[in-house]
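Novice: Provided below are the primary sequence and the corresponding predicted coordinates.
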Amino acid sequence: MAGRMSGPERRSQVLGIAAAEFADHGLHGASVEAIAREAGITQAYVFRMFGTKKALFLELVGAAFDTFSEGMARAAGEEDGIAALTRMGARYSESLADRTTLLLQLQGFAACGDREVRDLVRERFARMWETVAAKSGLDPVTVKAFLAFGMLLNNGAALGVEELDEPWAEGVRTRIRPGLFDHITSGTNEDRPLS
């Protein structure tokens, strides 16, 4: 049965298996042997398809970031300003339900000690920033606040706060309501000396 898959089908199968392996174990802990075994192929075949373990990781991490950025761009539609942020925030929250994609993104940050990984994660994070900035048309401090909130949501989702009945977890789970960023304006964000 394993030999009957087309090249694209096999590649897709291996990407799915590898996504789960890298999400759980990271760049250095993931096993190409385990990926190959689950796919019913040899390690050599995995390397022929992707080149190196790191190349496979980079492809998956890049795709994970793209899932979030592209989803937010689609969700914003033709809206701009706070309305765009509201739609993008709702889509971002929905994306967190895909635990494998979330963990791949976080594994990308964790592996930034490697220059190639850091370069890819910087480029993909820049794309996420530019998506939010371009779709909303809002100032950098608002974009920063929005993405900072997203990083908190990432951590909460990774920690499984939805399973905990503790005050801090309840606080992290607090729904983001429209108007959260209304107080942030270019006037409130002027560079002023601290008094």
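Specialist: Nice, I can see it.

Novice: and stretch 92-101, how far out from the chain's middle?
Specialist: 8 Å (Cα atoms, centre = their mean, to the nearest Å).

Novice: Can you give me the end-to-end span of that stretch?
Specialist: Counting by Cα to Cα, to the nearest Å, you get 12 Å between the two ends of stretch 92-101.

Novice: Now it: buried residues?
Specialist: 92, 95-96, 98, 100-101 (16 or more other Cβ atoms under 10 Å). (Glycine included, C-beta is placed from N, CA and C.)

Novice: could I get those residues as CSV with pLDDT?
Specialist: Formatted as CSV, the buried residues of stretch 92-101 follow (pLDDT from 0 to 100):
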residue, pLDDT
Tyr92, 92
Ser95, 92
Leu96, 91
Asp98, 95
Thr100, 96
Thr101, 96
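
Novice: Need the max-distance pair from those residues.
Specialist: Greatest spatial distance among these (Cβ to Cβ): Tyr92 and Thr100, at 16.2 Å.

Novice: what's the lowest-mean-pLDDT helix or strand in the chain packed up against?
Specialist: For the chain, the helix or strand with the lowest mean confidence is helix 167-173, at a mean of 88 (criterion: mean pLDDT, DSSP states H and E). With contacts taken as 3 or more Cβ pairs under 8 Å, 6 or more residues apart in numbering; DSSP states H and E, helix 167-173 sits against helix 140-159.

Novice: if you average pLDDT over the helix it packs on, what comes out?
Specialist: Averaged over helix 140-159, pLDDT sits at 92.

Novice: picking that back up, nearest to Val172, of the buried residues of stretch 92-101?
Specialist: Out of the buried residues of stretch 92-101, the member with the shortest distance to Val172 (by Cβ to Cβ) is Leu96, at 11.6 Å.

Novice: List the residues that contact the residue lying closest to the closest one once chain neighbours are set aside.
Specialist: The shortest distance from Leu96 to any non-neighbouring residue, by Cβ to Cβ, 6 or more residues apart in numbering, is to Ala157 (4.2 Å). Listed by Cβ atoms under 8 Å, 6 or more residues apart in numbering, the contact set of Ala157 reads 96, 99, 102.

Novice: swap in Ala76?
Specialist: 84, 87-88, 135-136.

Novice: Select from those the one having the most neighbours.
Specialist: The residue in these with the most neighbours, by other Cβ atoms under 10 Å, is Met88 (26 neighbours).

Novice: Show the pLDDT at that one.
Specialist: 95.

Novice: Setting aside sequence neighbours, what's the nearest residue to it?
Specialist: Nearest one to Met88, counting by Cβ to Cβ, 6+ apart, is Met72 at 4.0 Å.

Novice: buried stuff in the helix or strand hosting that neighbour?
Specialist: Per DSSP states H and E, Met72 falls inside helix 53-76. Within helix 53-76, the residues scored as buried using 16+ other Cβ under 10 Å are 53, 56-65, 67-73, 75-76.

Novice: so how far is it off the chain centroid?
Specialist: That offset, for helix 53-76, works out to 6 Å (Cα atoms, centre = their mean).
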